[in-house]
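1. Just to be clear, the model below is a prediction. Sequence and coordinates:
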Amino acid sequence: MPKNNDSKVLVRLEGVSKKYQSGSNEIVALSGLDLEAREGEFLSLLGPSGCGKSTALNIMGGLLKASEGIITIAGEEMTKPRRDIGMMFQQAVMFPWRTTIENVLLPIEVFGLNKKDYVAKAEELLEMVGMTEFAKSYPWQLSGGMQQRAALCRVLIHHPKLLLLDEPFGALDEFTRETMNQELLRLQSHSGSTAVLVTHNISEAVFMSDRIAVMSARPGRLIGVIDVPFERPRKPELYGRPEFTKLVVQAREMLGLA
Amino acid sequence: MTSTAADVRSRGKELRKQSKSTTQSVIVGTVTLVVFLALWEILPTLGVLNRVLIPTVSDTIWGLGQLIIGGYWWEDLASTLSSVLIAWTIGVAFGITMGVVLGTSPFVRTAITPYAIALQALPKIVLAPVLIGALGFGPESKIAIAVAICFFPVWINTMVGLSLPSAAEFTFMRSLNATRVQLFRKLQMPSAVPIVLVGMKHAMLLSFTGVLVAEILSSASNGLGKLVKEFSIQLNMPLTLAVITVVLTIAVSLVSIMDVLERKAVFWSESERGKKS
Ligand SMILES: Nc1ncnc2c1ncn2[C@@H]1O[C@H](COP(=O)(O)OP(=O)(O)OP(=O)(O)O)[C@@H](O)[C@H]1O
Ligand SMILES: [Mg+2]
């Protein structure tokens, strides 16, 4: 379901800059970034390595403070990490002393909610990613892909409005990554959350997104936004369609790769 | 899924390799022990070593028999053991408390670290005369010396353990807006458990050492240390070695108990290590 332009804005960055102090010199990671994510949409941040994608995402998640600019989430100014945001990183970060399902339920514990109310939800999520029989296994008994599946369940357990995903499957092999991307799309549309995905893989961005924010090399700026009009659910056949290739080429041109 | 199956299989192979090397090391170990005992028996018998100063294995076993039949030393055993356990408990409690305070508050850590380093460098046994002077020859001075010697590894390991989680783990907890208490309880503390247990194991042996040294130094009225001292002054070497055998047995038992506890508590870390190696 492609989103119309008038759906509500969930996250808005206005004139966001970020400077890092490293020793005596200053690194400008982001400069004057304007960006918005609309409710329910799948937005990708695409750009070369080091252009500030992770920085932008961490600012949206409240993990980093912007040097300048305003960040609002659902109309409120962002100050610290919020419960209605779920973040996922390249490493699964599963605690080895907890079983899979205990790891999935960790956010519930941290939020001080009653775990009993969420066990059924956790089991349902694990079933959706085909992990039911590993619910009682420990992370070190799982492959990397299975750990990321569990991390996906964990980020969805408290039904966050906004998913911030920093190359969540970047450490996986290409086959696993494609399956995981499919699973992510399925779960995201199931939960109706808004998703912002950081990636430097162009066709992945086209395949997954409703819109792609293309960023320039450092200092990170927005070059432009590509609308991706394909119907959902997205099927792997999409990769072969000429319209798909056209968008990939368009993104490459914007990045100066063509 | 296939990759997992392959993983399991290769791990199985590793296990088999391990068990093969385990049998080999058991054989080597047994041979070493037999050779050692044989030399210990033969050399003093042949007069290569002075049998009065170094009694044979059979002399020692005879001494052990005398000791057990005599039975007059149960009080010494109880005194030493109880001192060791009390000192260990105090040392562990103190070490963990210090470790947690320093490991969770950077301010206190910066303030105290220089003194901690000095204290670590100090061979703490040199404090023994001071403590004996202050506390007398009774169990208090034994316990104090043992505490002084044994708390340090627990302190340091607790502090180190709390900082073990990776940056990614800290970031993840922060993304959940976890409080400092939650960070401590759900991430830092569990991460620290394995290394704290190692510290506690060392502390056990150090506490034992401390108590024995105190007993030997302080002309205490009882204890295994006093027993060793008295027998060796009388040049009764079979009985001296018999007491040392008792000490060895206790030490090995204590360490074994700690090993079992450790394996139970940190099953996850064991497997992690297994996977990494
Ligand atoms: N903590 C930091 N201190 C100093 N400089 C930093 C820090 N974090 C990031 N940077 C710099 O800011 C720039 C943007 O970093 P960021 O991690 O956001 O890039 P990225 O687009 O996510 O790259 P990648 O695709 O490689 O993950 C980089 O040039 C990096 O060197
Ligand atoms: Mg990054």
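-> Structure's in. What do you need? Numbers count the residues shown, from 1 in each chain, chains lettered A, B, ... in the order given. Ligands and ions are numbered 1, 2, ... in the order given.
2. Spatially nearest residue to A:Gly62 (excluding sequence neighbours)?
-> Distances taken as C-beta to C-beta, 6 or more residues apart in numbering or on different chains place A:Pro81 nearest to A:Gly62, at 4.2 Å, with adjacent residues excluded. Backbone N, C-alpha and C define where each C-beta goes, glycine included.
3. For the one you found, which residues are in contact?
-> The contact partners of A:Pro81, by C-beta atoms under 8 Å, 6 or more residues apart in numbering or on different chains, come to A:Gly61, A:Gly62, A:Leu63, A:Met87, B:Arg174, B:Ser175, B:Leu176, B:Asn177.
4. B:Phe170 touches B:Leu187, doesn't it?
-> Yes: counting by C-beta atoms under 8 Å, B:Phe170 does reach B:Leu187; the two are 7.4 Å apart.
5. Show me which of the two is the more surrounded one.
-> For B:Phe170 and B:Leu187, the more surrounded residue by other C-beta atoms under 10 Å in any protein chain shown is B:Leu187, and the numbers stand at 22 against 16.
6. gap between that one and B:Arg174?
-> Between B:Leu187 and B:Arg174 the computed distance is 10 Å (C-beta to C-beta, to the nearest Å).
7. Over to A:Pro107?
-> 13 Å.
8. Name the residue in these two with the higher neighbour count.
-> In this view A:Pro107 and B:Arg174 are compared by other C-beta under 10 Å, and A:Pro107 has more residues nearby, 23 against 17.
9. mind checking pLDDT for that one?
-> At A:Pro107, the model reports a pLDDT of 96.
10. What is the helix or strand containing it packed up against?
-> Applying DSSP states H and E as the criterion places A:Pro107 in helix A:106-110. Packing partners of helix A:106-110 (3 or more C-beta pairs under 8 Å, 6 or more residues apart in numbering or on different chains; DSSP states H and E): helix A:144-156.
11. Check which residues of the helix it packs on are buried.
-> A:Gly145, A:Met146, A:Gln147, A:Gln148, A:Arg149, A:Ala150, A:Ala151, A:Leu152, A:Cys153, A:Arg154, A:Val155, A:Leu156 (16 or more other C-beta atoms under 10 Å in any protein chain shown).
12. which of those are close to chain B?
-> A:Met146 (C-beta under 8 Å from any C-beta of the partner chain).
13. what's the burial count for A:Glu68?
-> Neighbours around A:Glu68, by other C-beta under 10 Å: 14.
14. Touching, it and A:Val16? I think so.
-> Yes: between A:Glu68 and A:Val16 there is a contact under C-beta under 8 Å: 6.9 Å.
15. next one: the lengthiest helix in chain A to chain centre, how far?
-> Ranked by residue count and defined by DSSP state H, the top helix of chain A is helix A:174-191. The chain centre lies 11 Å from the centre of helix A:174-191; the measure is C-alpha atoms, centre = their mean, to the nearest Å.
16. The residue positioned nearest the centre of chain A and A:Met87, how far apart?
-> With distances taken as C-alpha atoms, centre = their mean, the residue of chain A nearest its centroid is A:Leu165 (2.2 Å). According to C-beta to C-beta, A:Leu165 stands 8 Å off from A:Met87.
17. rewinding a little: please flag which of the contacts of A:Pro81 sit within helices.
-> With helices defined by DSSP H, the entries of the contacts of A:Pro81 inside them are B:Arg174, B:Ser175.
18. circling back: okay, and the common contacts of A:Leu165 and A:Met87?
-> Counting by C-beta under 8 Å, 6+ apart, the contacts common to A:Leu165 and A:Met87 are A:Leu57.
19. Around chain B, which positions in the stretch 101-250 of chain A sit nearby?
-> When proximity is defined as C-beta under 8 Å from any C-beta, the stretch 101-250 of chain A approaches chain B at A:Leu106, A:Pro107, A:Glu109, A:Val110, A:Phe111, A:Tyr138, A:Trp140, A:Gln141, A:Leu142, A:Ser143, A:Met146.
20. Can you give me every residue that contacts the second one?
-> A:Pro107 makes contact with A:Gly86, A:Arg154, A:Val155, A:Ile157, A:His158, B:Leu176 under the criterion C-beta under 8 Å, 6+ apart.
21. and B:Ser25, how many neighbours?
-> With other C-beta under 10 Å as criterion, B:Ser25 counts 10.
22. Also B:Leu102?
-> B:Leu102 has 22 neighbouring residues, counting by other C-beta under 10 Å.
23. What of A:Pro168?
-> Counted with other C-beta under 10 Å, the neighbours of A:Pro168 add up to 26.
24. ok but it is inside a strand, no?
-> No: under DSSP: H, G, I helix; E, B strand; the rest coil, A:Pro168 sits outside any strand and is assigned coil.
25. for the nearest residue to A:Ser17 once chain neighbours are set aside, what are its contacts?
-> Nearest residue to A:Ser17, sequence neighbours excluded (C-beta to C-beta, 6+ apart): A:Glu68, at 4.3 Å. With contact set as C-beta under 8 Å, 6+ apart, A:Glu68 has these partners: A:Gly15, A:Val16, A:Ser17.
26. Give me the distance between B:Arg109 and B:Val101.
-> Distance from B:Arg109 to B:Val101, by C-beta to C-beta: 9 Å.
27. Kindly apply the preceding question to A:Ile70 instead.
-> Distance from A:Ile70 to B:Val101, by C-beta to C-beta: 40 Å.
28. Can you list phi and psi of the residue of the stretch 1-150 of chain B found nearest ligand 1 for me?
-> Using C-beta to the nearest ligand atom, the single residue of the stretch 1-150 of chain B nearest to ligand 1 is B:Pro106, 18.5 Å away. Here is the backbone geometry of B:Pro106 (degrees, to the nearest 10): phi -60, psi -30.
29. For burial, what's the neighbour tally of it?
-> For B:Pro106, the tally of surrounding residues (other C-beta under 10 Å) stands at 9.
30. Equivalent analysis for the one 5 residues further on, please.
-> Other residues within reach of B:Ala111 by the criterion other C-beta under 10 Å amount to 11.
31. next one: A:Gln90
-> Residues near A:Gln90, counting by other C-beta under 10 Å, number 17.
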